[in-house]
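Engineer: fold the following and give me the result.
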Amino acid sequence: MQLVIVESPAKAKTIEKYLGKDYKVLASYGHVRDLPPKDGSVRPDEDFAMDWELYGDKQRQVKAITDAAKTADRLILATDPDREGEAISWHVRELLAKRKALPKDVQRVTFNAITKDTVTTAMQHPRELDQDLIDAYLARRALDYLFGFTLSPVLWRKLPGAKSAGRVQSVALRLIVEREREIEAFKPQEYWQVLARLEQGGTEFGARLVKFEGEKLERLSLGEAGIAARAKAAVEAGAFKVEEVETKPTRRHPYPPFTTSTLQQEAARKLGYSASHTMRVAQHLYEAGAITYMRTDGVQMDPSAISAARKAISDRYSGHFLPEKPRHYETKAKNAQEAHEAIRPTDFARNTFGSGDEAKLYDLIWKRALASQMASANIERTTVTLRDGTGRNELRATGQVVKFPGFLAVYEEGRDSKPDADDEESGLLPAMAKGDAPVKKGVDATQHFTQPPPRFSEASLVKRLEELGIGRPSTYAATIQVLKDRSYVRTEKNRFFAEESGRLLTAFLERFFPVYVAYDFTAGMEDELDEVSGGRGAWKALLEKFWKDFKPKSDEVMERKPSEVTEALDEFLSDYLFPPQEDGGDPRKCPKCEAGRLSLRGGRYGAFVACSNYPECKFTRKFAQPGGNGEGGEDGEVGKDPATGEPITRKVGRFGPYIQLGEGKEAKRSSIPKDIGELDLDWAVKLLSLPRTVGDHPESGKPITASLGRYGPYLAHDGKYAKLRSTAEIFETGMNAAVVKLAEAAAGGGRGARAAAEPLKTFGPHPTSGGEMKLMAGRYGPYVTDGTTNATLPRGTQPEALTAEAAVVLIDEKAAKGPSKGKKKAAPKKKAAAGKKAPAKAKAPAKKAAPKKAAAEQVSDEDVPF
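Structural biologist: Next comes the predicted model:
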C-alpha cells in the first residue's frame, strides 16, 4: 500500500479516485503543528532551537496518518507546491519519524492542478524534500515569532490599548496611516477649465483651452474665477479654425494571466471581493480541479495550456484574433523556485464552472488567461488643434476609436480610480481637415479643486505592498484581515481608514523601532528569505543578524517608564496633535481654562489629550482629533434643549464621547457616532430623541423604529432588525424603504443577519457541505457553523487558536451526533430520521454578536497575539 498525504479532504477524495486501489490518500487538514504561543518556543541562545506542538484538534488525524504509515510500503508527500506545502510535508515526515512510523521509501510529489493527467504524471516524477524551502519556512516562522513575542509585551506595558505588532502587518498598517496623514495635510488648490462645445458635420464634440494669450496652460494656470472669465470671453469672441489634425495608430497588448497578487487586485476591483474571500473561493476552485494552484508569482503557462488556449480562441473568434506565434511572459518573481505557473483554467474548453462567487471568479480567471494569448488591440487616437485669428489662443480636442478589439473583446483590466478629467479622451471625433471652422455652440468655464491621494482599497494596498517587495502575495489576505480584526483600520465603501489605535501604534513604532517598520528593511528581509529558499543563504545566520540588534532595542524601550514613552510620543506627534493656529496663537493652550497646556496622556482605554491643570480643569479630547476644541470636557455644554431649556452637555466616558440631557436616573444619554461630522445642537437634539418611530408596518400594524445601537444604526420591527448604512439614515428612512430593508434582512437571516456581518473568524467552505465556515460569538459562548450545523467550542479551547481543520472536525462531529438540516452522511445514526427538523437553537447564537474586537485574538504567521 502506498500512502499519499495532501492538505484537504476534498483534494484527498479526488486524488484517490485518480490513483486507484493501491493508494490510500489522507488529508492532514493543513498544518499539523506549530510553535506553542508562549515564551521559549524559539530559543536564540540555543542556536535558535525551536519547539513544536501538535495542534489539539489534530490528534485524531495524525493518529490516522500514523496508523496508515505503519503498514505503508511508500510515503508520498503531495502537499501544495509552495513553501507552506513543503513545510507541511516536512512536519508530517518529522512527526512520523518521531513516532517510529516512517516508511523507508519517502518521496515528495508536486502538481499545480488537480486533474487526472497532471496528478498521474507527477506521480511518475517524485523528488526529495527541498531543504532550502524548509529552511526558508523555519526562518520566516522564527522571525515572526521573535518579532511578535518580543515586541508585544513592550506594547502592552508602554502603549495602553495596543494589541499586537507583526513584522509585515505593522508595515502594511504604516502605509495606511501615512496615506491618512497625506490626506490630512493636503491643501486643495482651485483651478478652472474652459471648454468650447463645437459642432462639425452634425456631430458635437468638446475642445479644451490649452493656450491662452500665448501661454501654454498647465493644470493650475487658471487659478481663480477672474482669469477664467477672461479666458472664457476670449474663446467666445475668437473665430477658431482647425490648424492641425494628427491621427496616430497605437496598439494595446494583452495582460499576462493572473498571479496571486493580480487576482486579488482584479477581484477587488471588478467583483468587490476582499483578498481573503478571493483566496477562499480560489482554493475551492483549485480543489475542484477547475483552476491551477492559486498561490503563485509566475505569469507563464504550460506549453500544452497555451496550445489549448489558442485552440479555444480559434474556435470562438476569427483568425484575426489569434496571433501568429504564442505569447510568452516573463515572471518578476525574484526566486525561481517560487515562480510556478500562472493561475489559469485546467480546461479552456470549459468557459463556465460552479455557481455564485465561484462562477464569477472562474469567469474572471478564464477570460484573463484566454485574453493573454489573443491578438493586440488596434486603437486610433486623433488630436485636433484649433487656433483663433490672433494665434494666441488654442483649443484641443482628443478622441480615440478601437479599430480592432483583439483581446479587448474578452477582457479589459480594471482601474483603481477614475481618470482625471484632463486625461480623459472622448470617443470618435467627426472628420475634420485643416481650415475647417466648426460651429461654436457654447463655452463653459468650470471650477475644480485638486484632490488628495485616494485612500487605499484592498486592490491598491496589495499592489503597493507588492511594488515595495513587502511580504509575499500569498500572505497579503491574512495580513489585511489581521489589521481589520485588531480594529487598527476600518473599511468604508471599500476604502481603508486608519483608526485611532492604528495611528498610535504606528507612531510608537516609528518613534522607538524606526528600522523595523521601514519599507526598505522589510523588503530587504524578504530578499534574504528568498536567498535562503534559493540555497544561497543560511537561515540561522539571517536570524542571528536580526536578533543581535532587535533584542537590545526592545530591552531598551522596555526599561523606559510609561510616562517617558508618552512624553516622547507627545513630542513626536506634536505637529499632528497641535497644528499651528490660524490666528498664530499657542496650539497647546487649553481652550477651557486658558491657563493650562495640552499634552498627550495615556489612560486605561488608550491615549488622549488633556490639560496640565487636571484635576482643576478636566478638559480632554480624543487622540485622533488633532487641533480643535476637543470633546468639550466633562461639563462642556452643547446648547439648551429647545423643549425643556435644560443644558445638553458633552462628556467623555470609558467607551468614548457622549451627550447627556438632565441628571441622575432620569437623564437621557446618547453616544456620538463618528459619521456625523461636527456635533451641533441640532444633531444633539436628534440623537437624544431616539428611537424614532418610522410608522406602522402595513402588514403587521406594529411600529417600525429607527435607532442607534451597540453595532450602529438599525431598524427594528416586531423583534426583527435591519442594519442601516449611516446615522443620517435613522432620520431619513421612510416607510417604503424601511419595509424593503426589513424584508431583505429577513431573507438574509432576520436578526441573525446583522450578526452574520461580524464573524469572529472565517475559514472558507466546508469540504462536504460547501457552506462557508465561520466562528461566531453566541449567547452561551463561541461556536462554529457552516450554515447548517452549529458546533460549540469545547471548554478550554481558545477561539483565537481555532484553525480551519479544527472547525471541520467540530462541525462533522456535531453532525454525526445529531443530523441537521440538509446534512448528508455516509453512515447515519439510529436517530437519523429526526434530522428532518433542524435544532431549535440553530439560529439563536447569531442573535447576539460579540464586539468585533473579540476577533483580535486571531493568530497568523505574520502576527503574534498577546
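Engineer: how much space separates the closest residue to residue 240 other than its chain neighbours from residue 39?
Structural biologist: Of all residues beyond its chain neighbours, the one nearest residue 240 is residue 386 (4.3 Å), with distances taken as CB to CB, 6 or more residues apart in numbering. Placement of C-beta: from N, CA and C, glycine included. Distance from residue 386 to residue 39, counting by CB to CB, to the nearest Å: 75 Å.
Engineer: likewise residue 135?
Structural biologist: In terms of CB to CB, residue 135 sits 24 Å off from residue 39.
Engineer: which of those two has more residues huddled nearby?
Structural biologist: residue 135 (20 against 10; other CB atoms under 10 Å).
Engineer: that one: what secondary structure?
Structural biologist: Classification of residue 135 using DSSP: H, G, I helix; E, B strand; the rest coil returns helix.
Engineer: isn't it right next to residue 533, touching?
Structural biologist: Yes: between residue 135 and residue 533 there is a contact at 7.5 Å, judged by CB atoms under 8 Å.
Engineer: ok so residue 398 is a helix residue?
Structural biologist: No: assignment of residue 398 by three-state DSSP gives strand, placing it outside any helix.
Engineer: tell me, how many residues neighbour it?
Structural biologist: The burial count for residue 398: 18, using other CB under 10 Å.
Engineer: so it sits right up against residue 383, yeah?
Structural biologist: Yes: under the criterion of CB under 8 Å, residue 398 makes contact with residue 383 at 5.2 Å.
Engineer: one step back: tell me the SS of the residue nearest to residue 240?
Structural biologist: strand.
Engineer: does it touch residue 393 like I think?
Structural biologist: No: applying CB under 8 Å, one finds residue 386 not in contact with residue 393, separated by 9.2 Å.
Engineer: comparing the two, which residue is more hemmed in?
Structural biologist: residue 386 (25 against 22).
Engineer: and that one, what does it touch?
Structural biologist: 198, 207, 240, 241, 242, 243, 394, 395, 396, 397, 438 (CB atoms under 8 Å, 6 or more residues apart in numbering).
Engineer: which residues does the second one form beta bridges with?
Structural biologist: Spelled out, that is residue 207. residue 196 (DSSP bridges).
Engineer: how much space between residue 361 and residue 463?
Structural biologist: 19 Å.
Engineer: mind checking the pLDDT average for the helix or strand hosting residue 281?
Structural biologist: Per DSSP states H and E: residue 281 is located in helix 275-287. Helix 275-287 shows a mean pLDDT of 89.
Engineer: before we move on, what about stretch 781-799?
Structural biologist: Mean predicted lDDT for stretch 781-799 stands at 79.
Engineer: got the end-to-end distance for it?
Structural biologist: One end of stretch 781-799 sits 10 Å from the other (CA to CA, to the nearest Å).
Engineer: tell me the buried residues in that stretch?
Structural biologist: Of the residues in stretch 781-799, 782-791, 793, 797, 799 count as buried by neighbour count, 16 or more other CB atoms under 10 Å.
Engineer: again with stretch 2-19
Structural biologist: So for stretch 2-19, counting by 16+ other CB under 10 Å, buried means 2-12, 14-16, 18-19.
Engineer: ok, which pair from these is furthest apart?
Structural biologist: Greatest spatial distance in the buried residues of stretch 2-19: 2 and 10, 20.4 Å, computed using CB to CB.
Engineer: and residue 86, what does it touch?
Structural biologist: 79, 108, 129, 130, 133, 134, 137.
Engineer: what count of nearby residues applies to the fifth one?
Structural biologist: I take that to be residue 133. With other CB under 10 Å as criterion, residue 133 counts 25.
Engineer: from residue 79, how far out is it?
Structural biologist: Taking CB to CB, one finds residue 133 at 11 Å from residue 79.
Engineer: same question for residue 350.
Structural biologist: 26 Å.
Engineer: burial check on residue 561, number of neighbours?
Structural biologist: Residues near residue 561, counting by other CB under 10 Å: 9.
Engineer: and it, how far is that from residue 158?
Structural biologist: Relative to residue 158, and taking CB to CB, residue 561 is found at 9 Å.
Engineer: repeat that for residue 523.
Structural biologist: Counting by CB to CB - residue 523 and residue 158 are separated by 27 Å.
Engineer: who's more crowded, those two?
Structural biologist: A direct count of neighbours by other CB under 10 Å for residue 523 and residue 158 places residue 158 higher, at 20 against 16.
Engineer: what sits against the more buried one?
Structural biologist: 508, 557, 558, 560, 562, 565 are the contacts of residue 158 under CB under 8 Å, 6+ apart.
Engineer: residues contacting residue 442?
Structural biologist: Counting by CB under 8 Å, 6+ apart, residue 442 has contacts 196, 197.
Engineer: and the strands in the stretch 451-600 of the chain?
Structural biologist: 489-492, 495-498, 598-603 (DSSP state E, counting those that start in this stretch).
Engineer: and the next helix or strand past the longest one?
Structural biologist: This points to strand 598-603. Assigned by DSSP H and E, the successor of strand 598-603 is strand 606-611.
Engineer: tilt between that following strand and strand 598-603?
Structural biologist: Relative orientation of strand 606-611 versus strand 598-603 (axes from the mean of the first three to the mean of the last three CA atoms, to 10 degrees): 140 degrees.
Engineer: what's the offset of strand 606-611 from the middle of its chain?
Structural biologist: Per CA atoms, centre = their mean, to the nearest Å, the displacement of strand 606-611 from the mean C-alpha position of its chain is 31 Å.
Engineer: name the SS class of residue 448, please.
Structural biologist: Per three-state DSSP, residue 448 ends up strand.
Engineer: what's the neighbour count on it?
Structural biologist: 17.
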